[in-house]
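Peer 1: no letters, just coordinates:
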Ligand SMILES: Nc1ncnc2c1ncn2[C@@H]1O[C@H](COP(=O)(O)OP(=O)(O)OP(=O)(O)O)[C@@H](O)[C@H]1O
């Protein structure tokens, strides 16, 4: 598979504050990436560097093998839908679609109108009269119908209800199967998108801490629960990312060891073994350092 983004030691500083530090990663063609991290972690800053909206302070970025800055050949292959995407107030919804058609070479007008119907959007209403959720839906329609080889969604669903978010995920998946492209989706709703993601990038305090295949990440850990003394014995020598006592019981999340089945050992000790959701795992790996007694995975 081709690399469509290659970033090397990318940094962005605002004055003396460094928002993204030493980020090196590649993004492959025709995959769906999740860019995850807590508020202020640096996700938007990273996406703005990828899409050439801001210039890195140092480091190097290539998109479609070229420097993306003021590079029209590269930029017309990118669609970036921002959190709180803005359109001119006096535009009608259909004006946004018309302008998008001229911006994106792969624009599919029929697909755009079918999405407009799915989201119940009024094409003849002015942008300034739309509700917050409707405005987010317009951004999603543009992002999907652009069929841009690199489509970047930065928290695209402010105000969007659960039904509409479900429509977004379903239409994205259906269309992605027919028209593969690279999608980078930044979100806090990790469990909702968990099944869509093929690769996960996690950024914490400006540093890329996880760059991993989503399937591998999903199977990376498990949770054991049982009497505290037995669980503690079981945890000896294992990599523990989270522990939670309740009553005389202890629940602990452990990184799987490829060479040895901790799960069999846990079951033989009568401990209950359960899976860990991607969201839980990422919370433990990025924010769990404070409340755990065991070692941290990364
Ligand atoms: N133009 C700017 N000037 C100064 N600081 C900035 C600027 N833009 C972002 N920052 C700071 O950089 C850090 C990263 O911000 P960024 O918007 O990239 O985070 P984020 O991960 O997208 O957060 P959220 O999930 O809340 O949207 C934050 O501390 C933010 O205050």
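Peer 2: Looks like it came in fine. None of these values were measured; they are calculated from a predicted model.
Peer 1: show me the shaky parts of this protein.
Peer 2: 258-260, 288-298 (pLDDT under 70).
Peer 1: show me where the protein has helices.
Peer 2: 43-50, 72-75, 93-103, 109-118, 132-145, 162-178, 190-193, 214-218, 228-235, 262-268, 278-287 (DSSP state H).
Peer 1: list the buried residues for the third one?
Peer 2: Translated: helix 93-103. Within helix 93-103, the residues scored as buried using 16 or more other CB atoms under 10 Å are 93-97, 100. Quick note: C-beta positions are derived from backbone N, CA and C, even for glycine.
Peer 1: go on, the fourth one?
Peer 2: Of the residues in helix 109-118, those buried by neighbour count under the rule 16+ other CB under 10 Å are 111-113, 115-116, 118.
Peer 1: now the stretch 101-250 of the chain against the ligand: closest residue?
Peer 2: residue 155 (6.2 Å; CB to the nearest ligand atom).
Peer 1: returning to that earlier point: same list (the buried residues of helix 109-118) but as CSV, adding distance to the ligand.
Peer 2: Shown next, in CSV, are those (distance: CB to the nearest ligand atom, whole Å):
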residue, distance to the ligand
111, 28
112, 27
113, 31
115, 25
116, 27
118, 26
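Peer 1: return the member of these nearest to residue 201.
Peer 2: residue 115 (26.7 Å; CB to CB).
Peer 1: how far away is the closest residue to the closest one other than its chain neighbours from residue 196?
Peer 2: Of all residues not flanking residue 115 in the chain, residue 141 sits nearest, at 4.4 Å (CB to CB, 6 or more residues apart in numbering). Distance, residue 141 to residue 196, using CB to CB, to the nearest Å: 18 Å.
Peer 1: likewise for residue 43?
Peer 2: Residue 43 is 17 Å from residue 196, by CB to CB.
Peer 1: between the two, who's got more neighbours?
Peer 2: residue 43 (25 against 18; other CB atoms under 10 Å).
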